[in-house]
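Chemist: Sequence and predicted model, in that order:
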Amino acid sequence: MLKRVGIFAILSLFLIFALILVGQIDMRSRMFHLLGFGWLIFVLIMLILTHEVSCPRCGQRFYARGADFFQITTECLHCGQPKGAVVGMTSKPSSDNQ
């Protein structure tokens, strides 16, 4: 769900920038300032939600360990569980079943 919300937010940001470049949105308007403030609040909320995502295997924070916060990591910073992997899967299944 966080991924979909993030993609929607990035696409809407590009749309706003395109409207600014075309001249449809005046940067001195109150609406532009409200959009900027809303975007700032949205980014802060998304950072907090991403920081609090827990690993399904070890239960600790997936993207954070101590003071380290690496939002684009591909594995848990505590147990090494790959992002999107089956929970508890430690190795590839063998193909001995012939």
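Modeler: Perfect, thanks for sending it.
Chemist: For Trp39, give me its contacts.
Modeler: Neighbouring residues of Trp39 by C-beta atoms under 8 Å, 6 or more residues apart in numbering: Ala9, Leu13. For every residue, glycine as well, the C-beta is placed using N, CA and C.
Chemist: Hmm, I typed the wrong one, I wanted Pro56.
Modeler: Per C-beta under 8 Å, 6+ apart, neighbours of Pro56: Gln81, Val87.
Chemist: Return the per-residue confidence for it.
Modeler: We note a pLDDT of 86 for Pro56 in this prediction.
Chemist: Next, find the distance separating it from Phe62.
Modeler: As judged by C-beta to C-beta, to the nearest Å, Pro56 and Phe62 stand 9 Å apart.
Chemist: shared neighbours, these two?
Modeler: Common neighbours of Pro56 and Phe62, counting by C-beta under 8 Å, 6+ apart, are Gln81.
Chemist: Before I go, just wanted to say thanks for your time.
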